[in-house]
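Student: Here is my input, please return the structure:
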Amino acid sequence: MRFLPRSHPSGPLILAALLAASAAQALNVRVLVASAPQVVVRVPVRPAGTGLTGGPLGAAAPLPLAGWTVGLTPDGARLTLNGQDAGNVALYLPPSVGSVVEIGGKTYRGGVQLRVQAGRVQAINVVDVEDYVRSVVPAEMPTSWPVAALSAQAVIARTYVAARITPNSPYDTCATESCQVYPGVGAETPSSDAAVLATRGQVVAYGTQPASTYFSADSGGYTASSAEVWGKALPYLPAQTDPFSAGSPRAHWRLEVGAAKLAEVAARYHVQVGAIQSVAVTRLSPSGRPLEITLTGSTGTGRIDGANAGGFVRSLGAAGTRVTLDGTALATGGPLVVEGSGAGHGVGLSQYGALGLARQGYSHLYVLGFYYPGTSLSVLAGRAAGGALLAGDRDLPRPSAAVLAVNSLQDGVR
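Tutor: Next comes the predicted model:
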């Protein structure tokens, strides 16, 4: 398939209509993978005189790729292909069985939509949700980890994007850390593929909707609630002791912050108190994270509270927010000493906790049940007008209270 038919180099270009919805059709997600003044796209072309190739993913020989530089007309109103006006504000190459497309030097499964947006070309990969998850899992978790941990990551990755399916928006999610890391085909591995296949279609649900399956690298021994981190309380994202997160490279760490950087970060949070002489945590959340930090300086005292307290700690360069602050050396020109445990915001699943549960023999269902209490397991059934459609409902199990007590005791004496 070509973006520009050779017989009509300047004619209107509507490459394909949106695929008709059907019960047999896979659920596609739309991922923004590039946004720039121009984007290089390479798409498969079928040599003249050849028949269709098909079969399962990977069974057919790959088609050769033809490259196109997609830019904008001088007025920024329409797309261009290799410098020629395409006559349209959007072009769409739909996905097909086994299809791939190269966008900005990376190969992705599925198809691509190109559109004009605010003086830039947006490239949106349209991909089956399972192929999307195949790329996300190895980008977010070491693929040498046990299958239960990888399977849990697969389910929350699928749930994360299912919760963001928005038919009325131009795309559902992005490909960076702001959403989920999605690097394309190059990230796929046999072990992560196996975890995706074993959990095909599975999502975490709360009521009839996909849950918000936030995760971080290491809870530091106690998960944070969504309320303390983002100011929005969700019943299945509570603060709770997490005895399974252990052995992380960030289990215990220390950071020194000089006076100049401390003052610069404090100013970002609208605290300017002259030469800072002391910094102290004056209120803690239930998970042991700062909810109020008081800074005292030569011209007064200031406070940073609520979710901003955690943001302040992260802005200092801390790996996580379960910390203690020691500012006793500031008055004599020394640094603020930050000591902490864990990495990331701490809400929801702890990846090192998933590793700990897997090593103790728990399946991915127990991992999910522990980190998202009160949720259930459902299956993606398609795309509806309001988002993803779910089917089925099964309560997720949790480790017994006795197991949690023993692990908490062991964690306390490590």
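Student: contacting residues around the spatially most central residue of the chain?
Tutor: What sits nearest the mean C-alpha location of the chain, by Cα atoms, centre = their mean, is Gln180, with 2.1 Å. Contacts of Gln180 were listed using Cβ atoms under 8 Å, 6 or more residues apart in numbering, and they are Val136, Ala139, Glu140, Ala157, Tyr160, Val161, Thr173. Using the backbone N, CA and C atoms, a C-beta is placed for each residue, glycine as well.
Student: Gly320 now?
Tutor: Ser216, Asp218, Gly220, Arg250, Arg314, Gly340, Ser341, Gly342, Ala343, Gly344, His345, Gly346.
Student: can you count the residues close to the first one?
Tutor: This points to Ser216. 24 (other Cβ atoms under 10 Å).
Student: related to what we said a few turns ago, among the contacts of Gly320, which ones are buried?
Tutor: Ser216, Asp218, Gly220, Arg250, Gly340, Ser341, Gly342, Ala343, Gly344, His345, Gly346 (16 or more other Cβ atoms under 10 Å).
Student: Now, those that are in strands?
Tutor: Ser216, Gly340 (DSSP state E).
Student: and the least confident of the buried ones among the contacts of Gly320?
Tutor: Of all the buried ones among the contacts of Gly320, Arg250 carries the smallest pLDDT score, 92.
Student: Tell me the span between the first and last residue of stretch 289-309.
Tutor: This stretch, stretch 289-309, spans 9 Å end to end (Cα to Cα, to the nearest Å).
Student: just how off-centre is that stretch within its chain?
Tutor: Centroid separation for stretch 289-309 versus its chain: 30 Å, with Cα atoms, centre = their mean, to the nearest Å.
Student: So which bits of that stretch are buried?
Tutor: Residues 289-297, 302, 304, 306-309 are the ones in stretch 289-309 that count as buried (16+ other Cβ under 10 Å).
Student: List just the nearest of the residues you listed to Gln351.
Tutor: In terms of Cβ to Cβ, no member of the buried residues of stretch 289-309 lies closer to Gln351 than Arg289, at 18.2 Å.
Student: wait, doesn't that closest one sit right on Val323?
Tutor: Yes - using Cβ atoms under 8 Å, Arg289 makes contact with Val323 at a distance of 7.5 Å.
Student: Next, count neighbours for the residue lying closest to Tyr214 once chain neighbours are set aside.
Tutor: Closest residue to Tyr214 apart from its sequence neighbours, by Cβ to Cβ, 6 or more residues apart in numbering: Gly348 at 3.8 Å. Other residues within reach of Gly348 by the criterion other Cβ under 10 Å amount to 25.
Student: And Ser178, by the same measure?
Tutor: Ser178, neighbours per other Cβ under 10 Å, totals 8.
Student: quick one: it from Arg289, how far?
Tutor: 22 Å (Cβ to Cβ, to the nearest Å).
Student: for Thr321, same thing?
Tutor: With Cβ to Cβ as the criterion, Thr321 and Arg289 are 5 Å apart.
Student: Which parts of the stretch 51-200 of the chain are helices?
Tutor: 129-140, 147-162, 190-198 (DSSP state H, counting those that start in this stretch).
Student: I meant to write the stretch 201-350 of the chain there.
Tutor: Taking DSSP H, counting those that start in this stretch as the criterion, the stretch 201-350 of the chain contains helices spanning 226-230, 259-268, 307-315.
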